[in-house]
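Asker: Test case, fold it:
(2 chains)
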Amino acid sequence: MSAVIEAKNLSKWYGNVLGLSDVSLAIESGITGLLGPNGAGKSTFMKLVTGQMKPNIGSVTINGERVWNHFRLFARLGFCPEPDAFYEDISGWEFLTGLLRLQGFGRAEAAERAARALGIVELAADKDRKIRGYSRGMRQRVKFAQAIAHDPDVIILDEPFSGLDPLGKRRLIRLIKDYEGAGKTILVSSHVLPEIEAVTSRIVMIHQGKILAQGDIHMVRDLIESHPHMVSVRSPQARALAAALVDDASVLKMTFGADGRSLVVETPNRDGVFGRLQSVIVAKGLEVEEITSPDDNLQAVFDYLVGK
Amino acid sequence: MATIREKGYYHWDGRLEERRFPWWPITRTGIQLAFKKKWFKFVFALGYAPAIVTLVLIYISERLEDFKSMFGGRDQLIAVNPKFFMNFLTNGGLIFVIVMVLVFAGAGLIADDLKHNSLQVYFARPLRKRDYLLGKMAVIFFFVLLLTLVPAVVLYIFKLIFAGSFRFVADYPWLLLSIAAFSAVLTVFFAFYTLLLSALSKNSRYVMIIVFTVYLFSQILYGIINSIRGLRGPGTALVSIYENLLQVAAFLFGQKPPHAVNPGWSFLILAAVCAASAVVLNKKIRGVEVIR
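Answerer: Numbers count the residues shown, from 1 in each chain, chains lettered A, B, ... in the order given. The predicted structure is shown next:
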């Protein structure tokens, strides 16, 4: 399958800050997840793909056509930005029809398409309500609607799940997945692995402006499983707690903080250690201030991949 | 093996034509939003008061016989000539109302887009920066021309109707051109002036105050400088937006400038404001805000 979006040696920096460094990437039709922690360069990449910024070095093409300054190409592109990007005092209907008119559609066509898009995102009943009164989920859906209303071939969704409750997320995931079967090319960014996992198995991992890995999401899952988890406990009786855990076979290493009140446990079996901790705390009546899992996120995998 | 995806959607059968005027939806929205604002209709309507008064004056000038008793039997009370039309277009009240219209209709044109992050959504569409700016400028063009060029031309036509002859056209063949040229200067200057200030802030209320204050302050500054004995001089008029407009108007209508300064300087100052505005707009108007 040939690549729809292609980036070649793409670099972008903001003054002294590096946004993206020598990124070469080929994205095929279907859904691709762009995964990376905050500040990794996901939004920069998306803004370069949508032609909103000019790369300092390299190029981005969509279907073989250079994106930068190719404004006609934008007719085939749908972009859902991360922040809210609408006037609060207009209705969802006005928002969509206005943007469709900008897209180049006539009044009747714009109205028809807006109605269809609002129907798809299940906002038809609320189309005349002012956006000010929309919930977070409705706002995300109306943003998604403006990205699909003109039936683009390529849809770019920048952190579409941010701030959504589980129900809202599930609803949006379903909408995005519906579009996969429609032969579209969809690029979704997130810094939360389960969100991306829910929509696609094909991911691109980005960190500090560089592409770290590209491929199947199971690779990441395997990395997380094989990479030891850290469980941090803050307790005035940290040493007593350590003594109770030391015979646990799943504990690989224990470190104490300088203040003697924190204990960091390294384990491949995080859930097992959580269970053990619970029973030890209850059995010994230990006082615990906080239990966290500092690397229970992608950062640990990224650190692992970059060899930190 | 690569996945074969079913292309289960169908494109719209019609042609997606490239719009001739891609800026028009922006202009239309700007005009609609202005009329939705409280007090705007009143302020805009107020802008026609000078035109109504001028129309009455033209009528009186042509029907002087009927009003002779009122004006002590004078043969010529009002001379309708290029100066008369210049006075109409440079009337302090009219310019003040235009500034107020800009406050209501123009201040939020870019500021609101910046506030609502709308630029990135606009520029992800087949819309160029120049289309966007033209769309915004056209909103100002629309309102300012409706208050200047349109009533001036209507007054000109009424003058011909009341006179019942085309002698006025023959007497002043360049008058219509002068009216159009000065209306254009006024419109272009105010469009750049308003958009410049609108692009400097995300807060449209703040821009509203600035649009009004800068205009007023330039006039006050002129008054202050002119009242200081050592600084007084014809050149001081160049600090005032209004005085510069008067100088340009005098030149375009072939009249003696109100200040003994070459009107070319006023042209230059107004052009410099427009150029500065173009530079700022080019830097500020982009799909994404680049934070360094």
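
Asker: For stretch B:194-207, measure first residue to last.
Answerer: Start-to-end span of stretch B:194-207 (C-alpha to C-alpha, to the nearest Å) is 9 Å.

Asker: for stretch A:73-84, same thing?
Answerer: Start-to-end, stretch A:73-84 (C-alpha to C-alpha) is 24 Å.

Asker: do stretch A:179-186 as well
Answerer: From its first residue to its last, stretch A:179-186 covers 8 Å (C-alpha to C-alpha).

Asker: Domain-wise, how is chain A divided?
Answerer: Annotated domains of chain A cover A:5-223, A:228-305 [automatic domain parsing].

Asker: in the stretch 101-250 of chain B, which spans are helices?
Answerer: Secondary structure of the stretch 101-250 of chain B (DSSP state H, counting those that start in this stretch): helices at B:108-115, B:118-122, B:129-147, B:149-163, B:167-171, B:175-198, B:204-227, B:241-252.

Asker: other SSEs contacting the first one?
Answerer: Put plainly, it is helix B:108-115. helix B:118-122, helix B:129-147, helix B:175-198, helix B:204-227, helix B:263-284 (3 or more C-beta pairs under 8 Å, 6 or more residues apart in numbering or on different chains; DSSP states H and E). Using the backbone N, CA and C atoms, a C-beta is placed for each residue, glycine as well.

Asker: nearest to chain A, of these?
Answerer: For the helices and strands packed on helix B:108-115, proximity to chain A was assessed by C-beta to the nearest C-beta; helix B:118-122 is nearest, at 4.5 Å.

Asker: Residue in the stretch 151-300 of chain A with the shortest distance to chain B?
Answerer: residue A:183 (3.5 Å).

Asker: In contact with the closest residue to residue A:76 other than its chain neighbours: list those residues for me.
Answerer: Setting aside the residues directly before and after it, residue A:76 is nearest to residue A:153 in space (C-beta to C-beta, 6 or more residues apart in numbering or on different chains), at 4.8 Å. When contacts are counted by C-beta atoms under 8 Å, 6 or more residues apart in numbering or on different chains, residue A:153 touches A:4, A:63, A:76-77, A:184-185.

Asker: And residue A:152, by the same measure?
Answerer: By C-beta under 8 Å, 6+ apart, residue A:152 lies in contact with A:75-78, A:184.

Asker: So which helix or strand of chain B has the lowest pLDDT on average?
Answerer: Ranked by mean pLDDT, DSSP states H and E, the weakest helix or strand in chain B is helix B:64-67, scoring a mean of 68.

Asker: Comparing the domains of chain A by mean pLDDT, which bottoms out?
Answerer: Mean pLDDT per stretch puts domain A:228-305 lowest among the domains of chain A, at a mean of 82.

Asker: how far does it sit from the chain's center?
Answerer: Relative to its parent chain, domain A:228-305 has a centroid offset of 28 Å by C-alpha atoms, centre = their mean, to the nearest Å.

Asker: Quick check: end-to-end length of stretch A:12-31?
Answerer: Stretch A:12-31 has its terminal residues 24 Å apart, counting by C-alpha to C-alpha.

Asker: whoops, stretch A:35-44 was the one
Answerer: So stretch A:35-44: terminal residues 13 Å apart, C-alpha to C-alpha.

Asker: for that stretch, which positions count as buried?
Answerer: Across stretch A:35-44, burial judged by 16 or more other C-beta atoms under 10 Å in any protein chain shown covers A:35-37, A:40-44.

Asker: now those as JSON lines including distance to residue B:62 and secondary structure?
Answerer: Shown next, in JSON lines, are the buried residues of stretch A:35-44 (distance: C-beta to C-beta, whole Å; DSSP: H, G, I helix; E, B strand; the rest coil):
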{"residue": "A:35", "distance to residue B:62": "79", "secondary structure": "strand"}
{"residue": "A:36", "distance to residue B:62": "77", "secondary structure": "coil"}
{"residue": "A:37", "distance to residue B:62": "79", "secondary structure": "coil"}
{"residue": "A:40", "distance to residue B:62": "76", "secondary structure": "coil"}
{"residue": "A:41", "distance to residue B:62": "73", "secondary structure": "coil"}
{"residue": "A:42", "distance to residue B:62": "72", "secondary structure": "helix"}
{"residue": "A:43", "distance to residue B:62": "67", "secondary structure": "helix"}
{"residue": "A:44", "distance to residue B:62": "69", "secondary structure": "helix"}
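
Asker: With distance to chain B added, can I get those in TSV?
Answerer: Formatted as TSV, those follow (distance: C-beta to the nearest C-beta, whole Å):
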residue	distance to chain B
A:35	20
A:36	18
A:37	18
A:40	16
A:41	13
A:42	13
A:43	8
A:44	9
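
Asker: Contacts only, for residue B:263.
Answerer: Counted by C-beta under 8 Å, 6+ apart, residue B:263 has contacts B:247-248, B:250-251, B:257.

Asker: quick check, nearest of these to chain A?
Answerer: Nearest to chain A among those: residue B:248, at 35.6 Å, using C-beta to the nearest C-beta.

Asker: Excluding sequence neighbours, find me the nearest residue to that closest one.
Answerer: Spatial nearest neighbour of residue B:248, chain neighbours left out: residue B:266 (5.1 Å); criterion: C-beta to C-beta, 6+ apart.

Asker: any chance you could map the helices in chain A?
Answerer: A:42-49, A:92-103, A:107-120, A:136-148, A:166-180, A:193-199, A:217-226, A:238-245, A:270-284, A:298-305 (DSSP state H).

Asker: want to throw those into TSV with distance to residue B:234?
Answerer: As requested, these are exported to TSV (distance: least, C-beta to C-beta, whole Å):
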stretch	distance to residue B:234
helix A:42-49	52
helix A:92-103	49
helix A:107-120	54
helix A:136-148	56
helix A:166-180	67
helix A:193-199	69
helix A:217-226	76
helix A:238-245	84
helix A:270-284	83
helix A:298-305	69
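
Asker: Those: which one's closest to residue A:259?
Answerer: For residue A:259, the closest of the helices of chain A is helix A:238-245, at 9.0 Å, according to C-beta to C-beta.

Asker: Only C-alpha atoms, please: export that closest one in PDB.
Answerer: C-alpha atoms of helix A:238-245 as PDB (Å, rounded to 0.1, in the frame of the first residue of the first chain):
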ATOM      1  CA  ALA A 238       9.300   2.900  54.900                       C
ATOM      2  CA  ARG A 239      12.000   0.500  56.200                       C
ATOM      3  CA  ALA A 240       9.400  -1.700  57.900                       C
ATOM      4  CA  LEU A 241       7.500  -1.800  54.700                       C
ATOM      5  CA  ALA A 242      10.600  -2.700  52.800                       C
ATOM      6  CA  ALA A 243      11.400  -5.500  55.300                       C
ATOM      7  CA  ALA A 244       8.000  -7.000  54.700                       C
ATOM      8  CA  LEU A 245       8.400  -6.900  50.900                       C
END
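
Asker: Pull out the buried residues from that helix.
Answerer: So, applying 16+ other C-beta under 10 Å, buried residues of helix A:238-245: A:238, A:241-242, A:244-245.

Asker: got those residues as a markdown table, with distance to chain B columns?
Answerer: Listed next are the buried residues of helix A:238-245 as a markdown table, based on distance: C-beta to the nearest C-beta, whole Å:
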| residue | distance to chain B |
| --- | --- |
| A:238 | 41 |
| A:241 | 44 |
| A:242 | 45 |
| A:244 | 49 |
| A:245 | 45 |
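
Asker: Residues of the stretch 201-308 of chain A that sit close to chain B?
Answerer: Residues of the stretch 201-308 of chain A lying close to chain B by C-beta under 8 Å from any C-beta of the partner chain: none are found.

Asker: circling back: could you turn the buried ones of the contacts of residue B:263 into a ChimeraX selection?
Answerer: Buried subset of the contacts of residue B:263, written as a ChimeraX selection, criterion 16+ other C-beta under 10 Å:
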select /B:247,248,250,251,257
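
Asker: of the contacts of residue B:263, closest to residue B:227?
Answerer: Lowest distance from residue B:227 to these (C-beta to C-beta) belongs to residue B:247, with 20.0 Å.
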